[in-house]
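Q: sequence first, predicted model second:
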Amino acid sequence: MARRISSQGKVTISVDEYSSNPTQAFTHYNINQSRFQPPHVHMVEPLPYDAPKPVGHTRFVCVSDTHSRTDGIQMPFGDVLLHTGDFTELGLPSEVKKFNDWLGNLPYEFKVVIAGNHELTFDKDFMAELIKQDYYRFPSVTKLKTEDFDDVQSVLTNCVYLQDSEVTIKGFRIYGTPWTPWFNGWGFNLPRGQSLLDKWNQIPEDVDILMTHGPPLGFRDWVPKELQRVGYGIMTDGYTTFINSSTCTVSFQPTNPPFIFDLPNPGNS
C-alpha cells in the first residue's frame, strides 16, 4: 500500500503508514472508508468463451498459477496469452522446458509470461543465498549446479518473458513484474514498504496492461476462509479492471478456467 503526494504538479508515491500490516490497511480503507465495496468497486462477470470478438479488437487470454499442471486445461480462443507466474512448482529446468513445450503447442499469435514466487531459479539473488545454506529446504533445487539454471530464462523460447520490463504487442504496452510481499521465503519476495515500492516505481506511466504475480490491496486479494489462498475472479473500480486468474486451487488442482477480455486496438492498428 502506498499513498500519493502531489508536489508542484508531479505525483510521487511514498510508503503508506499501514504498508507493513495488510490486515490493518484493509480494515482502515475498506471498513472505515468502504473503498473496496460498491459503489466504488464491483465484480465483473467473465466474458463467455463463445462471445464474438468485436471488429478492431484484440482478445487476451489470462492464466496463472498452473504449477506444471497444464494437461487438461481448456484454453480458449484468443490473440495474446498472458501468464502471470507460477508456471512451475520450483523452477526446475525440466519444469521450465515442459512449460515451454506447452506454450509451443498453443495457437496464440503472442504469448507473454512473468515469473512467480515458485520460479526459484529465475531469482538470481534467491539462488545465490540458497546454495550458501547448510540445510535443504528445496533439495531438488539446491542440488542444481549453477550452470543448470544460470540462464534458465533462455529456455522460454516460445514466449516473451518479462521481468521488470515491458513489450509492445499490437500497439498495447505490457509491463511485467514478479515481486510479491515476503511469504515464507520464496522467490521474488521482498519486505513490504520501501523495498516493494521501489519495484512499483519502476512501472512506467501509460501502460495498458500490467502483469503482476500478486494483486493490490483490496482487489481479489481476499478469499473465503474455506479457500484460504486464491482470490480468483475479476473486479473493476470503473477505471482499471483487476483480474486474478489463478488456475490452481489451494490443493494445487487446476480447476479455475482462464479468463478472456477484449480491448480495442490502439488507433485500430
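A: Arrived safely, thanks for sending.
Q: what ranges do the helices span in the chain?
A: Under the criterion DSSP state H, helices of the chain are mapped to 22-26, 93-104, 124-130, 139-142, 146-149, 194-200.
Q: so which of these gets nearest residue 16?
A: helix 22-26 (6.9 Å; C-beta to C-beta). The way it works is simple: take the backbone N, C-alpha and C, and place the C-beta from them, glycine included.
Q: for the record, mean pLDDT for that closest one?
A: The average pLDDT within helix 22-26 is 69.
Q: list the buried residues for stretch 118-132?
A: For stretch 118-132, burial by neighbour count (16 or more other C-beta atoms under 10 Å) applies to 118-123, 126-127, 130.
Q: related to what we said a few turns ago, make JSON lines from the helices of the chain and add distance to residue 254 to it.
A: Formatted as JSON lines, the helices of the chain follow (distance: least, C-beta to C-beta, whole Å):
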{"stretch": "helix 22-26", "distance to residue 254": "27"}
{"stretch": "helix 93-104", "distance to residue 254": "12"}
{"stretch": "helix 124-130", "distance to residue 254": "25"}
{"stretch": "helix 139-142", "distance to residue 254": "21"}
{"stretch": "helix 146-149", "distance to residue 254": "25"}
{"stretch": "helix 194-200", "distance to residue 254": "29"}
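Q: for residue 167, find the nearest of these.
A: helix 93-104 (15.4 Å).
Q: from the chain's centre, how far out does the closest one sit?
A: Distance, stretch centre to chain centre, for helix 93-104: 18 Å (C-alpha atoms, centre = their mean, to the nearest Å).
Q: just the helices of the chain: most buried one?
A: Highest mean neighbour count among the helices of the chain (mean count of other C-beta atoms under 10 Å): helix 93-104, with a mean of 17.
Q: for residue 103, see how far away residue 193 is.
A: 35 Å (C-beta to C-beta, to the nearest Å).
Q: same check, this time on residue 55
A: Distance of residue 55 to residue 103, given as C-beta to C-beta: 28 Å.
Q: ok, now residue 253?
A: Counting by C-beta to C-beta - residue 253 and residue 103 are separated by 21 Å.
Q: burial of the residue lying closest to residue 45 once chain neighbours are set aside, as a residue count?
A: Spatially, and ignoring its direct neighbours in sequence, residue 45 is nearest to residue 234 (7.8 Å; C-beta to C-beta, 6 or more residues apart in numbering). Look at residue 234: counted by other C-beta atoms under 10 Å, it has 20 neighbours.
Q: and residue 234, bridged to which residues?
A: Counting by DSSP bridges, residue 234 forms beta bridges with residue 243.
Q: thought it was touching residue 47?
A: No: using C-beta atoms under 8 Å as the test, residue 234 is too far from residue 47 to be in contact (9.1 Å).
Q: common neighbours of those two, please.
A: Any residue near both residue 234 and residue 47 by C-beta atoms under 8 Å, 6 or more residues apart in numbering counts here, and that gives residue 259.
Q: what stretches of the stretch 1-150 of the chain score poorly on pLDDT?
A: Of all residues in the stretch 1-150 of the chain, those with pLDDT under 70 make up the ranges 1-12, 23, 25-26, 28-38, 134-135.
Q: now the strands for it?
A: 2-7, 10-15, 42-43, 57-63, 80-84, 110-114 (DSSP state E, counting those that start in this stretch).
Q: and for the stretch 151-269 of the chain?
A: Under DSSP E, counting those that start in this stretch, the stretch 151-269 of the chain gives strands at 160-161, 165-169, 172-177, 180-181, 189-190, 209-212, 233-236, 241-244, 259-264.
Q: what's the closest of those to residue 197?
A: Smallest distance to residue 197 across those (C-beta to C-beta): 9.5 Å, for strand 189-190.
Q: same for the closest one, what does it pack against?
A: strand 180-181 (3 or more C-beta pairs under 8 Å, 6 or more residues apart in numbering; DSSP states H and E).
Q: can you list contacts of the strand it packs on?
A: Contacts with strand 180-181, where a contact means C-beta under 8 Å, 6+ apart, come from 22, 116-117, 188-192, 196, 213-214.
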